[in-house]
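A.B. asks: Build me a structure from this.
(2 chains)
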Amino acid sequence: MPEKNGAGPEKNGAEKVRVRFAPSPTGSLHLGSARTALFNHIFARHNGGVFVLRIEDTDLSRSTEDSAAGIVDGLAWLGLDWDEGPVYQSRRMDHYRAAVEDLLGRGRAYRCVCTPEELKQRREEAKKDGRPPGYDGRCRDRKDVPSGAPAAVRFRTETEGETRFEDLVKGPQTKRNAEIDDFVIQRTDGTPIFYLSVTVDDAEMAITHVIRGDDHIPNTFKQILLLQAMDSPLPHFAHLPLIHGLDKGRLSKRHGATSIQSYREQGYLPAAMNNYLARLGWSAGDQEVFTREELVEKFRLGDVGKSPAIFNPEKLLWLNAHHLREMPVAEMAALVRPFLEATGVPRIGSPEGRDEKWLERAVDAHKERSRTLVEMAESLAPYLADEITYEPAAERMLTEEITGPLAEAAARISGMTDTRPPAMEPVLREIAKQYGMKLGQVAQPIRAALVGKKVSPGIFDVIALMGREKTLSRIRRALEHVRAAGKTKSE
RNA sequence: GGUCCCUUCGUCUAGCGGUUAGGACACCGGCCUCUCACGUCGGUAACACGGGUUCGAUUCCCGUAGGGACCA
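C.D. replies: Numbering: from 1, shown residues only, chains lettered A, B, ... in the order given. Okay, here's the model as predicted:
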C-alpha cells in the first residue's frame, strides 16, 4: 500500500531542506519558470537549506546548449544563486539505466515490444469500445520476449489501491492506481522517460521538497509509485498554480514578453522582478513591496494561493519604478550606463562626455519620473547628445511670442557664471514678470529648447544639469528654429 | 473524451462562521506645482450560481457553470 507522505517540515526538524529547480533547456527562462525557481530559492534560504540546479536535457532533440546557458544566465541575473549544479541529466544516463535494470531485476518493470503502430491501433480500438486508452498490458506477463531484442521498458503499476500525497499547497491528492497504466520508463533506444529521470535524480540528490508548477500534479502519482518501487523516501510536494495571461490561458508569447531576458533588456530590475513574481500567488498580509531579504524571511509555502494568477505588466512596471526610486543613486547610475551608451551618446567619463558625479546628479533628478532604466536613459540622453530633435508637443511651444523671453534669457545667462538653481530662479522669475507672463509660460519653452520634450525635472535643475554653455547654445538654436519656421510659414 | 485542479473588485490579493468585506496596481477627482512625475487626500469597483449545514455563511459540505492542467 502506498504510504502517506509525511507532514510538513516541522514534523522532523532535523531534516535538512534540499530543493531543486529543474528546467528543460528548450527556450529562454520563462516568467513562470523564473517564479518556480524563485520560490525554490527563497524556500531553501528561509530554511537554511540547499538549492540544486538541474538541467533536464535528456531530450536531446529539443534541448540546446544556448538555452541552458540562457537559463543559467537569467537565474544569475535574478540573483537566484544555487548551491549545487548545474547538474546535466544528459551526463547521468548511466544512473537511469542502472535504475531501470534494478527495477527489471526485481520484477517491478518489464520489457515491452509493442510497436508504436500497434499501440496506436489498440488505443483507438479501446477508445471505440469505451475502454480507457492507456496501455493494455499486453507485454506485462509475456514470457516470449527475447532478452536481447530491442524493447522499451514499462513500469509494472499497482492495479489496486490508490496513491495519495499531501500537497503543501493544494492539500490532499488521491488517484486510484487502476487509472495509472503501465507507463514507459525507458524508450527502445535506451533513453529514459521524464518520470524516471526525475525520480532517480530527486532520490539520489536527496531532494526533500519538490516545488514546481501544478501541471506536474498528474506526474506526481507516477513518481511516487516509482519512488516506492525503488524503496526511496518520498519528498514533500508543493505544486504552484500556473501563471496565466489576461485571457486566462496559460501565459505564452501572445501575451507579450514572457522571457526574463526581455525584461532585463527593457530596463527592469531583478529586485522588481523577484518582488512581482513572488506576489503572484503568494502574499504576506497587506505588504506589497519586499526586498529579497524580506521575501526569504517571510516566505512560507502555506501562504501560496491555490488559484492561477494573471500576469499584470502594469503592476510590474509600478513595482519597478518603486524599486528604482528606492535605490541608491550610485547604484542606479552604474546600472543606467549601458542603457545610456546604447542611445549612442558620448560615454560617461570620456573626454567629450560628462563625468560620473554628473551622472549621479542627473540620475537623482530623474529617478522619480523613470519607471525603467530605458526610460531613464532616454531622458538623460538629451543632456549628452550634440543635437536634439524636438518632439511635436515640444516644438509647438516654440512660438513667435516667446522669442522675447527666450532671447532675454540667453542674454542674461551669458552674463552669468553661476547657473545653479538659487542663481537662476530669480532671473527667470524676473524675465517672466517683465513680459507679464507666469513662470510656467517661460519655463515651458525653455524646457522644450533644452531637452526637446515637454516633460523634464524642474527647469532650474535642468539648466544646472545642462550647464551654461549647452543651455545657451540650445536656447539660441531654438530661437533660430522659430525664426526659420516663421519664414517658411510666411512664404 | 477521461482524470485532476481552480473560482473575493478589471488585475494581484487579505479574510480562515458574526467585518461598513481590508490593502495594492489600474482608473477617476482634489491638493502640491514651472511641465511631467513623486507625494498626499478622496472616489468608483468583488464574495460565479444553486442547494444544504448553522441562530448566522465570503468562510464548511454537495451540485451547476466557467476557466485551467494532464493523458490521449
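A.B. asks: how close does the nearest residue to A:Q434 once chain neighbours are set aside sit to RNA strand B?
C.D. replies: Leaving aside its chain neighbours, A:Q434 sits nearest to A:E408 (7.2 Å; criterion: Cβ to Cβ, 6 or more residues apart in numbering). Any C-beta I mention is one placed from the backbone N, CA and C, and that applies to glycine too. Using Cβ to the nearest atom of the strand, to the nearest Å, A:E408 is found at 17 Å from RNA strand B.
A.B. asks: Phi first, then psi, for A:E408.
C.D. replies: Per-residue torsions, A:E408: phi -60, psi -40 (degrees, to the nearest 10).
A.B. asks: okay but A:Q186 is in contact with A:A99, surely?
C.D. replies: No - assessed by Cβ atoms under 8 Å, A:Q186 is found out of contact with A:A99, at 9.2 Å.
A.B. asks: what is in contact with those two at once?
C.D. replies: Common contacts of A:Q186 and A:A99, defined by Cβ atoms under 8 Å, 6 or more residues apart in numbering, comprise A:L196.
A.B. asks: Against RNA strand B, how distant is A:A309?
C.D. replies: For A:A309, the distance to RNA strand B (Cβ to the nearest atom of the strand) stands at 3 Å.
A.B. asks: what number of residues lie near A:E356?
C.D. replies: 13 (other Cβ atoms under 10 Å).
A.B. asks: Could you do A:G105 as well?
C.D. replies: Using other Cβ under 10 Å, the number of residues around A:G105 comes to 9.
A.B. asks: Local confidence estimate at it?
C.D. replies: Here the pLDDT value assigned to A:G105 is 89.
A.B. asks: any idea where the strands of the stretch 1-150 of chain A begin and end?
C.D. replies: Per DSSP state E, counting those that start in this stretch, the stretch 1-150 of chain A carries strands over the ranges A:18-21, A:50-55, A:84-88, A:109-112.
A.B. asks: JSON lines please, covering the ones you listed and showing distance to RNA strand B and mean pLDDT.
C.D. replies: Shown next, in JSON lines, are the strands of the stretch 1-150 of chain A (distance: least, Cβ to the nearest atom of the strand, whole Å; pLDDT from 0 to 100):
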{"stretch": "strand A:18-21", "distance to RNA strand B": "18", "mean pLDDT": "96"}
{"stretch": "strand A:50-55", "distance to RNA strand B": "19", "mean pLDDT": "96"}
{"stretch": "strand A:84-88", "distance to RNA strand B": "22", "mean pLDDT": "91"}
{"stretch": "strand A:109-112", "distance to RNA strand B": "14", "mean pLDDT": "87"}
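A.B. asks: in chain A, which ranges drop under the pLDDT threshold?
C.D. replies: Filtered on pLDDT under 70, chain A yields the residue ranges A:1-14, A:127-133, A:136-137, A:144-147, A:253-256, A:487-491.
A.B. asks: For A:D83, grab phi and psi.
C.D. replies: phi -100, psi -30.
A.B. asks: could you list every residue that touches it?
C.D. replies: Residues in contact with A:D83 (Cβ under 8 Å, 6+ apart) are A:A44, A:V50, A:F51, A:V52.
A.B. asks: Hmm, the first one is touching A:V17, no?
C.D. replies: Yes - using Cβ under 8 Å, A:A44 is in contact with A:V17, at 6.1 Å.
A.B. asks: Name the stretch among the strands of the stretch 1-150 of chain A that sits most buried.
C.D. replies: strand A:18-21 (a mean of 25; mean count of other Cβ atoms under 10 Å).
A.B. asks: Which strands or helices does it pack on?
C.D. replies: Judged by 3 or more Cβ pairs under 8 Å, 6 or more residues apart in numbering; DSSP states H and E, the packing partners of strand A:18-21 are helix A:31-46, strand A:50-55, strand A:209-213.
A.B. asks: The longest one relative to strand A:50-55, how many degrees between them?
C.D. replies: Okay, so that is helix A:31-46. Between the axis of helix A:31-46 and that of strand A:50-55 there is an angle of 150 degrees, by axes from the mean of the first three to the mean of the last three Cα atoms, to 10 degrees.
A.B. asks: ok, and for helix A:31-46, which residues are buried?
C.D. replies: A:31-46 (16 or more other Cβ atoms under 10 Å).
A.B. asks: repeat for the last one
C.D. replies: Of all the residues in strand A:209-213, those buried under the rule 16+ other Cβ under 10 Å are A:H209, A:V210, A:I211, A:R212, A:G213.
A.B. asks: ok, of those residues, which one's closest to RNA strand B?
C.D. replies: Nearest to RNA strand B out of the buried residues of strand A:209-213 is A:G213 (Cβ to the nearest atom of the strand; 7.8 Å).
A.B. asks: you'd agree that closest one is up against A:A238?
C.D. replies: No - look at A:G213 against A:A238 with Cβ under 8 Å: they stay out of range, at 10.5 Å.
A.B. asks: Nearest to RNA strand B: which residue in the stretch 351-491 of chain A?
C.D. replies: A:G458 (2.7 Å).
A.B. asks: Distance across stretch A:107-124, terminal residue to terminal residue?
C.D. replies: Distance across stretch A:107-124, first residue to last, is 29 Å (Cα to Cα, to the nearest Å).
A.B. asks: Show me the contact partners of that stretch.
C.D. replies: Stretch A:107-124 has contacts (Cβ under 8 Å, 6+ apart) with A:100, A:103-104, A:133, A:135-136, A:138-142, A:145, A:149-156, A:182, A:184-185, A:229.
A.B. asks: what comes up buried for it?
C.D. replies: Residues A:R108, A:A109, A:Y110, A:R111, A:C112, A:V113, A:C114, A:L119, A:R122, A:R123 are the ones in stretch A:107-124 that count as buried (16+ other Cβ under 10 Å).
A.B. asks: likewise stretch A:294-307?
C.D. replies: Buried residues in stretch A:294-307, defined by neighbour count with 16+ other Cβ under 10 Å: A:L295, A:V296, A:K298, A:F299, A:L301, A:V304.
A.B. asks: Name the nearest of the residues you listed relative to A:D201.
C.D. replies: A:L301 (21.3 Å; Cβ to Cβ).
A.B. asks: how close does that closest one sit to A:S307?
C.D. replies: 16 Å (Cβ to Cβ, to the nearest Å).
A.B. asks: Kindly report the same for A:A203.
C.D. replies: 31 Å.
A.B. asks: Then A:L31?
C.D. replies: 17 Å.
A.B. asks: picking that back up, show the contacting residues for the residue of the stretch 351-491 of chain A closest to RNA strand B.
C.D. replies: Listed by Cβ under 8 Å, 6+ apart, the contact set of A:G458 reads A:P421.
A.B. asks: Correct me if wrong: A:V462 contacts A:A448.
C.D. replies: No - in this structure A:V462 lies outside contact range of A:A448 using Cβ under 8 Å: 10.9 Å.
A.B. asks: Where does A:R154 sit: helix, strand or coil?
C.D. replies: strand (DSSP: H, G, I helix; E, B strand; the rest coil).
A.B. asks: Any idea what it is bridged to?
C.D. replies: Under DSSP bridges, the beta-bridge partners of A:R154 are A:Y110, A:V184.
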